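*Asks:* Have a look at this prediction, sequence included:
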Amino acid sequence: MAEEIDRWGAYRQSHPDTWKQAHKEFINAQFQKQEQFLRRLLKMPQGKKKAREVYDVHNPGGYPSFFTPE
């Protein structure tokens, strides 16, 4: 883990004007992949139940775009 942190620090220092854009794209891609996974999971049989278990959702009404309140 320390190696990755050192590499990231070196990258930031050597690319002071461009590292923020690369970091933003990486973080946004992580969120997009998670949302794609959840949408595929919700389409599966028993998908809502599986998604609630995977994400440990106790209040599905708090996520109206993914779960319909019971």
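*Replies:* The structure has been received and is ready for your questions. Keep in mind the model is a prediction, meaning the values are calculated, not measured.
*Asks:* okay, CA-based contacts and neighbour counts for the rest of this
*Replies:* Fine.
*Asks:* who touches the helix or strand of the chain with the lowest mean pLDDT?
*Replies:* Here the helix or strand of the chain ranked lowest by mean pLDDT, DSSP states H and E is helix 47-54, holding a mean of 86. By CA atoms under 8 Å, 6 or more residues apart in numbering, the surrounding residues in contact with helix 47-54 are 38, 41-42, 57-58, 60, 67.
*Asks:* Okay, and Gln21 sits in which element?
*Replies:* In the assignment (DSSP states H and E), Gln21 maps to helix 19-43.
*Asks:* Show me what that helix is packed against.
*Replies:* With contacts defined as 3 or more CA pairs under 8 Å, 6 or more residues apart in numbering; DSSP states H and E, the packing partners of helix 19-43 are helix 47-54.
*Asks:* Now do the helix it packs on against helix 19-43, angle only.
*Replies:* 130 degrees (axes from the mean of the first three to the mean of the last three CA atoms, to 10 degrees).
*Asks:* start the count at 29, not 1, going forward
*Replies:* In the new numbering, first residue 29, that becomes helix 75-82.
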